[in-house]
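[1] one predicted model, sequence on top.
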Amino acid sequence: MNPDLLVELAVDLVVSYVTGNDIVLGRRRWAARDVALMLEALDIYLLRCSNPDGREYVMTVEWDWRKNRRVDPELSCIGVDLNRNLDILWAVTEGQTSCNPCSNNYVGSSAFSEPESRNVKHLLDSHRVVTFADVHSYSELVLYPWSHAPTQTTDISQRFTSLPSGTCLPIADPSYQEYMPARDRQRFQAVSARIVEAIADARGRRYSPQPGFELYPTTGTHRDHGYSRHVSDADADKVYGFGIETGPWAGSSKDSFRPAGPAPIKREAESGLLALISESICAIELIGSRVLESDDEVTPLRRIRDELLVTTPAGREWIALYERVQTSLLEPVLADQSLTAPAATLLRAASKALTDDEAVLDRDTSIQVLGFLRNLHEHAPFADTRAGSSRLNIRFGVAVVTARYTSWYTCRLRRVRRTGAKLLVNVPPAGLEPAACGLGNRDRRSMALADVR
C-alpha cells in the first residue's frame with residue numbers, strides 16, 4: 001500500500017504542476033499554486049520501496065514478513081530488520097530490538113550491513129536533505145525522535161554519543177533521558193500537528209503525534225538516524241526525521257497491514273505528506289535564492305534564529321508564528337513585484353545590520369518594514385493568513401498597530417563574536433515602551449520520503 005501511495009503522490013504533484021489543477025484528497029483540497037511552490041522551492045526525493053526483496057516475499061509468500069531477505073550462510077535464519085540497522089545506538093537492545101538473527105527485529109551483523117540501509121545513508125550523504133519521512137503501516141501515528149529514551153531539553157550532557165553501541169544490551173541507566181534542544185522539539189511537535197490536521201481534513205481520521213519512544217523503545221531507526229546525524233557529525237546537516245504509521249487497526253494484523261480498501265488511507269496519508277512537504281519550505285531562503293546575490297546574505301538571519309531566538313520561550317514563539325504563516329505568504333510575495341522588491345531590500349538590510357556591530361534599525365527602515373507588512377496584509381490570500389500577517393506586524397517589534405495609533409521602536413542588533421548573536425534593546429523614544437526584534441532559517445532545500453518496510 002505505502003509504495004503505491006508514494007507513486008500516487010509523485011503523479012499528483014506532477015499532474016497538478018503541469019495542468020494547474022488542484023489536488024483533491026477526500027475533503028482536503030491542495031491549491032495548484034501551493035503545489036507549484038512546493039516543487040519550485042524543494043527537491044523532493046521519493047524512495048518508493050527501499051526493501052524490494054522483502055516486499056516481494058510479503059506479496060507472494062508470508063504476509064507478515066518484516067525483514068529483508070539477507071542470506072548469511074553462517075546463520076540459520078534469514079533477513080535483517082532494516083529499521084534497526086542504522087547507526088544510532090546500533091545493537092543497543094532497547095525494547096523491540098534484538099541481536100538474535102531469528103528475531104523479526106534482528107539488527108544485522110553491523111550498522112549499515114545491508115545495502116538497503118546504505119542506500120538511505122547515501123541519499124542523506126549526497127544531498128542537503130532537511131526533512132525525512134519514513135512511511136510504515138499501521139497505527140495512525142505521526143512519530144518523531146527520540147525512540148531509545150524519553151526526551152528532555154535541559155541537560156545537554158545527556159547525548160547518545162556518550163553511550164556505548166553494539167552491546168546487545170539495553171541502556172545501562174534505566175532513568176536515562178536523551179537531550180533535544182527545545183527549539184527542535186517545538187518544531188517536531190508543531191509540524192506533526194500540521195500533518196495530523198491535514199490527515200484529518202481528508203476524511204476525519206485523527207492520527208496521534210508522539211515521540212517514537214512512546215510507541216515502544218527501539219534503536220537504529222531511519223527517522224532517528226536522520227535527526228542524529230548532525231549530533232554525531234558536526235559537518236552533517238540537521239535532518240528532521242518523521243515516521244508515519246498509516247491506517248487504523250482493522251480487526252486483525254493482516255487486515256491492518258493489508259487493508260481490503262486502501263484508497264481512503266492512501267489519500268489521507270498523501271495529504272499528511274503534502275503538509276510535511278509544505279512545512280519544509282523556508283520563505284526567507286526561497287526569496288533569498290531568487291533575488292539576492294548569494295546565500296551569504298541569508299546566513300546572518302539563520303544565525304539570529306538558531307543562536308538567539310531559539311534560546312527563549314518568546315523567541316521560539318516568534319519562530320512558531322512565522323513558520324505557521326510563511327508558506328501562505330510566499331505566493332503573493334513571489335508573484336507581485338511590489339512585494340518581491342521590498343522583501344529583497346529588507347532582507348539585504350537585515351543581513352547587513354546583523355554583520356555590523358554598530359548597526360541600528362532606524363526610523364526610515366522601520367517605515368519600510370511597516371509599509372511592507374501592510375501591503376502583505378492586503379495581499380494575503382486567506383483570512384487566517386491575514387490574521388497571521390497582522391500578528392507578524394505586531395510581533396515584529398518594529399511597530400505596534402492598533403485602531404488608534406502607531407508606535408515606533410528602535411532596536412539595536414549587535415553581533416558578539418565567538419559567542420553568537422545577541423540582541424540589545426535601545427532606550428526607546430520618550431513615551432514609548434521597549435520592544436525586541438529579530439528574524440531568521442538555512443542553497444536549495446530538499447526532503448526525502450521513503451517506505452522502508
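    Here it is on my side, so go on. Residues are numbered from 1 along each chain as shown.
[2] okay, now the unreliable bits of this structure?
    Low-confidence segments of the chain (pLDDT under 70): 293-295, 380-453.
[3] max-length strand in it?
    strand 129-137 (DSSP state E).
[4] what's the helix or strand following that strand in contact with?
    Under the assignment DSSP states H and E, the closest C-terminal helix or strand after strand 129-137 is strand 141-144. For strand 141-144, the external contacting residues (CB atoms under 8 Å, 6 or more residues apart in numbering) are 188, 192, 195-196, 207-212, 215, 223, 227, 240-245, 272. (C-beta placed from N, C-alpha, C; glycine too.)
[5] so how do I select the buried members of these in PyMOL?
    Per 16 or more other CB atoms under 10 Å, the buried members of the contacts of strand 141-144 correspond to this PyMOL selection:
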select buried, resi 188+192+195+196+207+209+211+212+215+223+227+240+241+242+243+244+245+272
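[6] in strands only, show me the contacts of strand 141-144.
    Counting by DSSP E, the contacts of strand 141-144 contribute 208-211, 240-245 to strands.
[7] what does the helix or strand encompassing residue 7 contact?
    Assigned by DSSP H and E, residue 7 falls within helix 2-19. The set of residues that contact helix 2-19 without belonging to it, under CB under 8 Å, 6+ apart, is 21-23, 30, 32, 35-36, 38-39, 44, 46-49, 55, 135-137, 246, 262, 266, 269-270, 273-274, 449, 451, 453.
[8] tell me, how many residues neighbour residue 55?
    By other CB atoms under 10 Å, 19 other residues sit near residue 55.
[9] again with residue 51
    Residue 51, neighbours per other CB under 10 Å, totals 28.
[10] ok, it touching residue 82?
    Yes - Residue 51 lies in contact with residue 82 (CB atoms under 8 Å); the separation is 5.7 Å.
[11] quote the end-to-end distance of stretch 72-89.
    Start-to-end span of stretch 72-89 (CA to CA, to the nearest Å) is 23 Å.
[12] how far does it sit from its chain's centre?
    Using CA atoms, centre = their mean, to the nearest Å, the mean C-alpha position of stretch 72-89 is found 28 Å from that of the whole chain.
[13] against residue 231, how distant is residue 146?
    Residue 146 is 11 Å from residue 231, where distance means CB to CB, to the nearest Å.
[14] looking at those two, which is more packed in?
    residue 146 (26 against 16).
[15] let me see the contact set for that one.
    When contacts are counted by CB under 8 Å, 6+ apart, residue 146 is found next to 178, 180, 211-213, 224.
[16] closest one of those residues to residue 304?
    residue 180 (21.0 Å; CB to CB).
[17] tell me the contacts of the closest one?
    145-146, 151-153.
[18] residue 105 versus that one, what's the distance?
    The gap separating residue 180 from residue 105 is 24 Å, by CB to CB.
[19] how about residue 197?
    Residue 197 is 32 Å from residue 105, by CB to CB.
[20] repeat that for residue 342.
    On the measure of CB to CB, residue 342 and residue 105 end up 55 Å apart.
[21] what is the neighbour count of residue 77?
    14.
[22] that one against residue 101, yeah?
    Yes - using CB under 8 Å, residue 77 is in contact with residue 101, at 4.6 Å.
[23] would you mark the buried spots in stretch 118-134?
    So, applying 16+ other CB under 10 Å, buried residues of stretch 118-134: 119-121, 123-124, 127, 129-134.
[24] now the end-to-end length of it.
    End-to-end distance of stretch 118-134 (CA to CA): 15 Å.
[25] quick one: that stretch to chain centroid distance?
    In terms of CA atoms, centre = their mean, the centre of stretch 118-134 is set 13 Å apart from its chain centre.
[26] where's residue 24, which helix or strand?
    strand 23-25.
[27] can you tell me the strand partners of the longest strand of the chain and which way each runs?
    strand 240-246 (parallel), strand 445-450 (parallel) (DSSP bridges).
[28] burial count for the residue lying closest to residue 290 once chain neighbours are set aside?
    Nearest non-adjacent residue to residue 290, counting by CB to CB, 6 or more residues apart in numbering: residue 334, 7.1 Å away. Using other CB under 10 Å, residue 334 has 19 neighbouring residues.
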